[in-house]
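J.: Need a 3D model of the sequence below.
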Amino acid sequence: MRITIEKKRVDLATGKQCLEVDWLNGKLTGHSLQAKTINLYLRQLESKIHESHRNLIMLGEHITAQSLADDFLGKGRKIRKLTEVFEEHNSEMTELVGIEFAPMTLLRYQTALRHLKQYLKEKHKISDIDIRKIDHQFIIEYEFFLRTTRKCNNNSAVKYIKNLKKVIKRCLANGWLVRDPFANFKAKIKVVDRPCLSEEQLYALENRAFDNERLNRVRDIFLFSCYTGLAYIDIYQLKRSEIIERNGNEKWIGINRQKTGTPTRVPLLPKAVALLAKYESHPLCIDLNKAFPVSSNQKTNAYLKEIADLCGIKIPLTYHIARHTFATTITLQNGVPIETVSKMLGHKDIRTTQHYAKTLDVKVGRDMAALKEKLANEKPTVKNTSYNYTITK
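T.: All right, here's what the predicted structure looks like:
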């Protein structure tokens with residue numbers, strides 16, 4: 001195979017051979033299996049040479065016959081591997097946990113890397129792959145693997161794909177890739193119907209006394225989140241010093257959300273203040289300067305399922321439902337504007353709040369009843385207007 005640029009040439013061996021009589025115009029003659037196989041192989045080599053040429057143009061390199069041959073052979077440059085770049089990304093993220101990223105964000109990227117390694121091993125029978133070989137087909141097959149082998153639902157699969165996309169963007173930014181394999185790939189998050197507690201279910205929780213102190217404590221902490229909108233990690237880290245007084249005796253929570261770092265300011269409702277006072281003298285709260293003695297997330301969710309059964313609550317109760325309950329039942333349903341709800345939840349985008357807070361039929365009925373009453377009380381005003389006509393013959 002000969003590469004010629006500006007009258008300079010480089011010859012490369014293809015590694016194939018044939019009889020001279022079978023060779024004509026740069027390919028094997030005939031229709032034998034050998035001829036078809038070798039001709040296909042030679043066309044693939046030619047295609048790869050053109051691909052190397054395009055890559056060097058995109059990188060702005062000065063192209064000679066020798067530099068093109070070296071790029072084709074992989075000489076003079078480091079071959080970047082996908083999982084290697086992914087691991088570098090995760091290592092940097094580990095050092096930034098608590099500064100720019102939450103621990104759960106790192107955990108999601110670590111899980112995404114494990115899924116990717118499993119995909120490479122089971123689908124391609126390799127432990128790693130040259131990033132230049134990542135194309136649209138690779139991504140399509142990886143998404144299919146996540147949905148089938150890993151049994152991921154739509155939103156989980158899309159999130160893992162987005163994790164990979166971030167690593168690919170890193171490669172593009174560093175000039176290790178010249179074409180974006182995600183250019184024609186689209187995947188959408190499906191809107192999930194997020195459950196929340198009704199007023200009746202909240203009442204059942206508040207007025208149920210448990211024989212077990214552990215269940216009473218978990219119930220109280222869950223209710224506090226229902227009245228403040230705090231996520232589990234935020235209430236787990238909540239300190240007494242972060243409960244501030246404003247406008248006299250009015251108590252507020254003033255924190256930065258662990259997940260996004262967004263400032264969150266929430267005025268405490270009377271029920272939230274009462275729950276806070278209930279644990280003011282708890283030994284763990286005093287020793288650790290915490291607002292509540294919070295158990296691990298796993299144990300808390302297990303206890304909540306037990307509480308739901310005892311209270312006759314049929315929805316699968318998890319701690320995050322408290323946040324949705326605050327957004328919908330406590331605030332939106334009682335006329336608090338969604339912009340205010342978004343601010344208290346610490347959301348950067350109001351569209352995120354719209355996923356949390358849904359307008360219940362109860363509020364729709366209440367709003368329409370108010371409109372009916374307003375329209376019924378309004379008396380139409382009739383104006384008498386006289387018109388003068390002039391008829392001209």
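
J.: The longest strand along the chain: which residues count as buried?
T.: When the chain is scanned for its longest strand (criterion: DSSP state E), the result is strand 250-256. With burial defined by 16 or more other CB atoms under 10 Å, the residues of strand 250-256 counted as buried are 251, 253, 255. No exception for glycine: its C-beta is placed from N, CA and C like everyone else's.

J.: Could you do stretch 155-168 as well?
T.: Here stretch 155-168 shows 156, 157, 158, 159, 160, 161, 163, 164, 165, 167, 168 as buried, counting by 16+ other CB under 10 Å.

J.: Compile those into a markdown table and extend it with columns for secondary structure, distance to residue 51 and pLDDT.
T.: Formatted as a markdown table, the buried residues of stretch 155-168 follow (DSSP: H, G, I helix; E, B strand; the rest coil; distance: CB to CB, whole Å; pLDDT from 0 to 100):
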| residue | secondary structure | distance to residue 51 | pLDDT |
| --- | --- | --- | --- |
| 156 | helix | 34 | 93 |
| 157 | helix | 30 | 94 |
| 158 | helix | 30 | 94 |
| 159 | helix | 32 | 95 |
| 160 | helix | 28 | 95 |
| 161 | helix | 25 | 96 |
| 163 | helix | 27 | 96 |
| 164 | helix | 22 | 96 |
| 165 | helix | 22 | 96 |
| 167 | helix | 22 | 95 |
| 168 | helix | 18 | 95 |
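
J.: Quick check: closest non-adjacent residue to residue 191.
T.: residue 355 (6.6 Å; CB to CB, 6 or more residues apart in numbering).

J.: What of residue 315?
T.: Spatial nearest neighbour of residue 315, chain neighbours left out: residue 195 (4.7 Å); criterion: CB to CB, 6+ apart.

J.: what do you get for residue 177?
T.: In space, residue 177 is closest to residue 171, 4.4 Å off (CB to CB, 6+ apart).

J.: quick one on the thing from earlier: which among the buried residues of strand 250-256 gets closest to residue 20?
T.: Residue 20 has its nearest neighbour among the buried residues of strand 250-256 in residue 255, at 81.2 Å by CB to CB.

J.: May I ask you to confirm that that closest one is in contact with residue 242?
T.: Yes: Residue 255 is within contact range of residue 242, at 5.2 Å (criterion: CB atoms under 8 Å).

J.: how far away is residue 246 from residue 331?
T.: As for residue 246, its distance to residue 331 is 19 Å (criterion: CB to CB, to the nearest Å).

J.: So for the two, which sits in the more crowded spot?
T.: Shown here are residue 246 and residue 331; by other CB atoms under 10 Å, residue 331 has more neighbours (21 against 11).

J.: Who are the contact partners of the more buried one?
T.: 229, 340, 341, 344, 357 (CB atoms under 8 Å, 6 or more residues apart in numbering).

J.: For those, give me JSON lines that also has neighbour count, secondary structure and pLDDT.
T.: Converted to JSON lines, the contacts of residue 331 look like this (neighbours: other CB atoms under 10 Å; DSSP: H, G, I helix; E, B strand; the rest coil; pLDDT from 0 to 100):
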{"residue": "229", "neighbour count": "23", "secondary structure": "coil", "pLDDT": "90"}
{"residue": "340", "neighbour count": "12", "secondary structure": "helix", "pLDDT": "87"}
{"residue": "341", "neighbour count": "22", "secondary structure": "helix", "pLDDT": "86"}
{"residue": "344", "neighbour count": "20", "secondary structure": "helix", "pLDDT": "88"}
{"residue": "357", "neighbour count": "24", "secondary structure": "coil", "pLDDT": "62"}
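
J.: quick one: low-confidence parts of this protein?
T.: Counting by pLDDT under 70, the chain shows low-confidence ranges at 58-60, 76-78, 258-261, 356-365, 379-393.
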